[in-house]
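Chemist: One predicted model, sequence on top.
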Amino acid sequence: MEQLPLKRKSVSYAKWGYFFIAPFFIAYIVFHLIPLLSTLYYSFFESYRSGLKQIGPNFVGLKNYITIFQNGDMPKFFGNTIIMWLMGFIPQILVSMILAVCFTSYRMKLKAQPFFKTIIYMPNMIMASAFAMLFFMLFSAVGPVNMKLLEMGWIDEPVRILTDTTVTRVLVALMNFLMWFGNTTILLMAGIMGIDQSLFEAAQVDGARPLQVFFRVTMPVLKPITIYVAITSLIGGLQMFDVPQVLTKATGEPNRTTLTLIMYLNKHLQSRNLGMAGATSIIIFIVTAALSLIVFRSLTKGKELR
């Protein structure tokens, strides 16, 4: 009797793809989606502590949201946050772009590039709270800056630098700039190094000047990375907390002009007012999403991303 050949079982590899991506979705659901939904849920409840007594949770509908907009504090803190973010982001993107072009230029051929790249990236590795504490000690009434000015005879008594609104905001923006311009430089360098060199060579053959090459070749190709940097920086700016928190000792002084949205949220959390904290979190989430969409649309208007 003739023996039939054995059939080999075919192995399906499609299921293994789901196996490998499952941990991401599990972690996202547990640590992001569920907390987000619970925050939205509790934002419709009154829940706070009065002395040792816990009030609520009692369903109050949109009362928490109405209260936030009626007291008028959140628009002010939103303005503080945007101003300090812009003061740090504008020089950040300009300096980073200049450094990225210089480091990737074949004409300039800068020496010791690895050393300089390491130096500009190092502030990004320092904790923001430590950075803010350093600046607080430097510019305090008894800090080295005041002591040096007294020794030089430029002032007769210590100046309380952190009581000036403009100076305090500038210091916050300066710290954010120093911490993040190195990271932005690395991203832009990666984008420039990925540009086909034949585009630069063709532009040079056509007699284009360096500025024309930058604006007609480099910038259009870098648009996706520029959009990424702008949106991630905006999201980080709206989440600004540790630098002004430490620098102003959680007061947002002078006159709450450095109090940010997350510092405002943190005050509700400290007072155990979970309903108001939830409503504030949802508003910040919506504002962040809306502004990110506006930035994306404004930078891609009328042009397709490559």
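Modeler: Right, received. Where do you want to start?

Chemist: Now do the strands in this protein.
Modeler: 45-50, 53-59 (DSSP state E).

Chemist: Please name the nearest non-neighbouring residue to the most centrally placed residue in the chain.
Modeler: Centroid-nearest residue in the chain: G236, 1.7 Å away (criterion: C-alpha atoms, centre = their mean). Counting by C-beta to C-beta, 6 or more residues apart in numbering, G236 lies nearest to W180, which is 7.6 Å off, once chain neighbours are set aside. Backbone N, C-alpha and C define where each C-beta goes, glycine included.

Chemist: Now do that neighbour against P123, distance only.
Modeler: As defined by C-beta to C-beta, to the nearest Å, W180 lies at a distance of 8 Å from P123.

Chemist: Who has more neighbours out of those two?
Modeler: Counted by other C-beta atoms under 10 Å, W180 and P123 do not tie: W180 has more neighbours, with 22 against 17.

Chemist: show me what contacts the closest residue to L178 other than its chain neighbours?
Modeler: Excluding its sequence neighbours, the residue lying closest to L178 (C-beta to C-beta, 6+ apart) is P123, at 4.8 Å. For P123, the contact set (C-beta atoms under 8 Å, 6 or more residues apart in numbering) comprises 131, 178-179, 182.

Chemist: swap in N64?
Modeler: 43-44, 46, 275-276, 278-279.

Chemist: got it, and N176?
Modeler: N176 neighbours (C-beta under 8 Å, 6+ apart): 84-85, 88-89, 92, 237, 240, 243.

Chemist: For D206, state which of those is nearest.
Modeler: Q92 (32.7 Å; C-beta to C-beta).

Chemist: Just give me the neighbour total for that closest one.
Modeler: Applying the criterion other C-beta under 10 Å, we find 24 residues in the vicinity of Q92.

Chemist: give the contact list for the residue lying closest to R49 once chain neighbours are set aside.
Modeler: Once flanking residues are discounted, R49 sits nearest to R272: 4.0 Å by C-beta to C-beta, 6+ apart. Contact analysis of R272 by C-beta under 8 Å, 6+ apart lists 47-49, 54.

Chemist: so how far is M189 from R272?
Modeler: For R272, the distance to M189 (C-beta to C-beta) stands at 47 Å.

Chemist: Also M240?
Modeler: In this view, M240 and M189 are 26 Å apart by C-beta to C-beta.

Chemist: Between these two, which is the more surrounded one?
Modeler: Between M240 and M189, counting by other C-beta under 10 Å, M240 is the more crowded of the two (24 against 20).

Chemist: How many residues are close by the nearest residue in space to the more buried one that is not next to it in sequence?
Modeler: Nearest residue to M240 in three dimensions, chain neighbours excluded: T260, at 4.8 Å (C-beta to C-beta, 6+ apart). The number of residues packed near T260 is 25, by other C-beta under 10 Å.

Chemist: which residues does L110 contact?
Modeler: 102-103, 116.

Chemist: For F116, see how far away it is.
Modeler: 7 Å.

Chemist: go on, W180?
Modeler: From W180 across to F116, the span is 17 Å (C-beta to C-beta).

Chemist: Please tell me which one of the contacts of L110 counts the most neighbours.
Modeler: F103 (19 neighbours).

Chemist: check contacts around it.
Modeler: Counted by C-beta under 8 Å, 6+ apart, F103 has contacts 110, 113, 116-117, 185, 189.

Chemist: sorry, back to before: could you say which one of the strands of the chain comes nearest to A141?
Modeler: strand 45-50 (35.8 Å).

Chemist: and that closest one, which strands flank it?
Modeler: Applying DSSP bridges, strand 45-50 is found paired with strand 53-59 (antiparallel).

Chemist: neighbouring contacts of the partner strand?
Modeler: For strand 53-59, the surrounding residues in contact (C-beta under 8 Å, 6+ apart) are 42, 44-49, 272, 274-275.

Chemist: how about 10 Å then?
Modeler: The contact list for strand 53-59 (C-beta atoms under 10 Å, 6 or more residues apart in numbering) reads 41-42, 44-49, 272-275.
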